[in-house]
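Asker: Sequence plus the predicted model coming up.
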Amino acid sequence: MMKIASLMLLMLSCLTSTSAFAWQAPTRELEEAEEQAFKRAVSQVAPSLVRIETVGGLDQVQNFLLGNGPTTGLVLSADGYVISSSFNFLSKPASILVTTTDGRRMTAKVIANDTVRSLTLLKVEADGLVPARAAAKESIKVGQWAIAVGRALDANAPNVSVGIVSAVNRVWGKAIQTDAKISPVNYGGVLVDVDGTVLGVWVPLSPQDNSTVAGVEWYDSGIGFAIPLTDVLATLDRLKQGKDLRAGLAGFTFASTDMFGGDTKIDRVRYDSPMYRAGFKDGDQILELDGHKVTRPAQVKHVLGGKIEGDKLAITIKRGNETKQADLTLVGELPPFEAGFLGVLPTREAQKGQETGEKKQEPGVGVRWVYPDSPAAKIGLKPRDRIMKFRDQAITSAAQLIDQVSRVRPTEKAVVVVRRDGKEQTLEATLAGYPADVPKELPTSPIEAAADGESKKTVEKPDGKVVEEGDKKADGTEKPRTGRFGEEVADSKNAWWAFVPESYNPAYGYSLLAWLHPPGDTLEATIYDSWKIEAERRGIVLLGLKAANVGSGWQANEAEFVYDTVVSFQKKYSIDAGRVVLHGYDKSGPFATHLAFKHRDVFRGLILAASVISERPPENLPEYRLQFQLICGSKDPAHAFLDRNANALRSLKYPANFTSLPDLEHRYPNADGVDAMARWIDSLDRL
């Protein structure tokens, strides 16, 4: 052993002595050689870069403030086709000006957008332009030099940043990743190799989000993305036709939400989708896509990531002991998802294992209330009936029943097994579409008193201090706080206040209403006074969020605070995941809307009072059950706009209610309005 160690030390010393110069810092000559190589590379691509200026347009999109300075584009053809990042045109400018390296300044028009890769094709009336040379996609290697070049800061001299290729096939197979510094002002610029050959075009991207502003926040973190130029050129002819390129959709979702640990079993096949028309069904398991074996959802998404509407997809699935293969033509849009409606509200029961006394949870799901003239009413369902089976599936929870009902489309039939007075009967219902109206009279669902010591009460003393009574349970664990209380967020100017019903019983699921105040006033007293009684009656936890600057209102960077605070309340209290609602009023509405659209996994309801929806809603998806209530006075200037908003949402098959309050002008809803909002929240679990 000692001989081996001695030999290794001898070899190491020889290696060190013979190659010492390889480990020294780069010499001045080497640095100068690199600098000259980088300059030559930039000079090679510079004639293909143009400076883009926009005139007019919006100042803000999705709570993101837009700049109005010059940006960069890349020449693709001698006759005037130019590609740039779609981020540069989010403002919907009135005009676009392009300046070439030889000083020509021309008006450009938008031809089409590649929404998959966040690119926009422009056309200028010119000839003699110098198109860029593209590097072969397979030649791009991790670790090679990557030079980021743009023409935004100086019309006569490109701006340059040097880095390496950090990874390839990132963001589900769409992009090259680099650590070269790429800022929003240079989106639309290029990434080149040391020969000046273009690797890709810079765009903001995110694996978690596909909006045009997704990934912008990463620009100073050493993570930048570029779309391979070969992929851009492959779709150029399609873009020239003037039609936007949309993501190619097959029309299915997975049973597992774990992208990397779950399997490829299909949860739903969307109606009239390519998968549906090919005969695939819920429960099938995907084995191969385009010849690639797949075992995890992430692998499937990687294959589909760069697919565009009209592309072909070869798919092989397993069903039982059989396999089935088909060639799909992907589509850019699926028919809007529309859940069927049976017409009942499920009984709110203590969660299994948390029942009090001798009472144990019965099989099935109880019927709390039956909607008049609904399919349930037509087949004779009554309150206190118990639904035992739906479509041959034994029912064990309200969430499961809601899921099963949503798999049946309006006008389709479903068999329902009901137990009444100890006897079961089998009925057949023809489901309807979701109603827009809120029930005018809706009995509350009683919640049993909590076992002694299950919660601690906060009380306000005459001196204004809030103290807690009974901090610990008999077993020494912390009790959940009830009543009204609040907290300032450490290392932040944000704060929140809350009201938890005094009768809070953790064995039952509660609604959560997250209030976002308008600029200038938190309206805390108004919200608390208006909602306290309804919160107690209908089992609603109130959570009021406070902006860092109340006067100026909510900013885009405060979204994380709102999200994190809501999620923390879901962990502390027994909150029904299907009844988490964001509530905005007046100028806080756009911020609330953006959050609800972005985090549909958390927010399942959105109430907008006297505030219109200015952001395009995402596609209605079965896995993200989002419902809307728009409310304002009949004399409010926003009245007609909210009515149109509700109709537009319904055209997308979203459940959307519009409540008009007689003779009320622009102000927060009165007592009748709060009653309507509380009834709407209390009916979010209708099915």
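Answerer: Done, it's in.

Asker: mind listing what's buried in stretch 317-329?
Answerer: Ile317, Leu328 (16 or more other C-beta atoms under 10 Å). The way it works is simple: take the backbone N, C-alpha and C, and place the C-beta from them, glycine included.

Asker: Figure out how far it is from the centre of its chain.
Answerer: Mean-position distance between stretch 317-329 and its chain equals 30 Å (C-alpha atoms, centre = their mean, to the nearest Å).

Asker: now do stretch 134-150
Answerer: 31 Å.

Asker: Please apply the same query to stretch 147-158.
Answerer: 34 Å.

Asker: Ok, stretch 184-203 next?
Answerer: Centroid displacement of stretch 184-203 relative to its chain, using C-alpha atoms, centre = their mean, is 28 Å.

Asker: Could you do stretch 481-493 as well?
Answerer: 27 Å.

Asker: what does stretch 599-607 give?
Answerer: Distance, centroid of stretch 599-607 to centroid of chain: 10 Å (C-alpha atoms, centre = their mean).

Asker: Next: stretch 656-674.
Answerer: 29 Å.

Asker: Next, the residues that contact it from outside, please.
Answerer: For stretch 656-674, contacts defined as C-beta atoms under 8 Å, 6 or more residues apart in numbering pick out 436-438, 523, 526, 530-531, 534, 585-586, 609-610, 627-639, 642-643, 645-646, 649-650, 676-677, 680.

Asker: buried sites along it?
Answerer: For stretch 656-674, a neighbour-count test (16+ other C-beta under 10 Å) marks Ala656, Asn657, Phe658, Thr659, Ser660, Leu661, Leu664, Arg667, Tyr668, Pro669, Gly673, Val674 as buried.

Asker: Widest-spaced pair of those residues?
Answerer: Ala656 and Arg667 (22.4 Å; C-beta to C-beta).

Asker: List only buried entries from the contacts of stretch 656-674.
Answerer: Neighbour counting by 16+ other C-beta under 10 Å classes 438, 523, 530-531, 534, 585-586, 609-610, 627-633, 636, 638-639, 642, 645-646, 649-650, 676-677, 680 among the contacts of stretch 656-674 as buried.

Asker: quick one: which of the residues you listed sit in strands?
Answerer: Tyr585, Ala609, Gln627, Phe628, Gln629, Leu630, Ile631, Cys632, Gly633 (DSSP state E).

Asker: Surely the fourth one and Leu652 touch.
Answerer: No. Distance between Phe628 and Leu652: 10.3 Å, which falls outside the contact criterion (C-beta atoms under 8 Å).

Asker: picking that back up, Throw the ones in strands among the buried ones among the contacts of stretch 656-674 into a markdown table and include pLDDT and distance to Ala94, thanks.
Answerer: Formatted as a markdown table, these follow (pLDDT from 0 to 100; distance: C-beta to C-beta, whole Å):
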| residue | pLDDT | distance to Ala94 |
| --- | --- | --- |
| Tyr585 | 97 | 32 |
| Ala609 | 96 | 33 |
| Gln627 | 96 | 37 |
| Phe628 | 97 | 32 |
| Gln629 | 97 | 36 |
| Leu630 | 97 | 31 |
| Ile631 | 97 | 35 |
| Cys632 | 96 | 32 |
| Gly633 | 95 | 35 |
